[in-house]
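1. I'll drop the sequence and a predicted model, then ask my questions.
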Amino acid sequence: MEAAAISALAAWAAAIVAATGAGFQFFVGRKQATAALISANAALRNSENSGRHKKAEYRQAWINRVIDTLCDYHAIVSTVPPGEAASTDDERKLAGLRTKLAILLNPDEPDTVELLSEIEKLDAISTDADFAVAEAKMLAVSRRLLKREWVRIKEELA
């Protein structure tokens, strides 16, 4: 064989090897790009989920503060006999709890307006029978309001 033919065959073999290497690099590069895209999408989903979970944590903490405030209020109101004046400390605490509820709750929601109204009625009660009725209404409105917020949390996480 002549030197030119051998040189041509060697160049042809080198071209095939180079093309094969480029093909492998393309294949591997494509797989790496696909893996990077999947990883980026997973990171995006994690970021979105993290935001939703953080928002749900804040909402749950708010629900817990409302529950604690309502429990503190109810504990004082239910221990003072209807028609009798509460002690100065209890009056101060009740006023603070009513204010806290008014600040924590959204004044544009009907349940909030109804709950604050029921609390005012409860404060004005003078008989045990009226107290029991007003107390039941206040607790029913409280449960409805808190249930709605709990449903919001579940929907945000879904």
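-> Received it, and whenever you're ready, just let me know what you need. Residues are numbered from 1 along each chain as shown.
2. Tell me who's in contact with the residue nearest the centre of the chain.
-> The centre of the chain sits closest to residue 56, judged by C-alpha atoms, centre = their mean, with a distance of 1.1 Å. Neighbouring residues of residue 56 by C-beta atoms under 8 Å, 6 or more residues apart in numbering: 153, 156, 157. All C-beta atoms are positioned from the backbone trio N, CA, C, and that covers glycine.
3. same thing but 10 Å
-> Applying C-beta atoms under 10 Å, 6 or more residues apart in numbering, we find residue 56 in contact with 152, 153, 154, 155, 156, 157.
4. Neighbour-wise, which one of those residues leads?
-> Highest neighbour count within these, by other C-beta atoms under 10 Å: residue 153, with 18 neighbours.
5. Phi and psi next, for residue 84.
-> Per-residue torsions, residue 84: phi -100, psi 150 (degrees, to the nearest 10).
6. hang on, the earlier thing: quick check: the gap between the nearest residue to the residue nearest to the centre of the chain once chain neighbours are set aside and residue 89.
-> The spatially closest residue to residue 56, leaving aside those adjacent along the chain, is residue 153, at 4.9 Å (C-beta to C-beta, 6 or more residues apart in numbering). Relative to residue 89, residue 153 is positioned 35 Å away (C-beta to C-beta, to the nearest Å).
7. what's the answer for residue 132, then?
-> Note on residue 132: its distance to residue 89, by C-beta to C-beta, is 25 Å.
8. and the two? which has more neighbours close in?
-> With neighbours defined as other C-beta under 10 Å, residue 132 and residue 89 compare such that residue 132 has more, 12 against 9.
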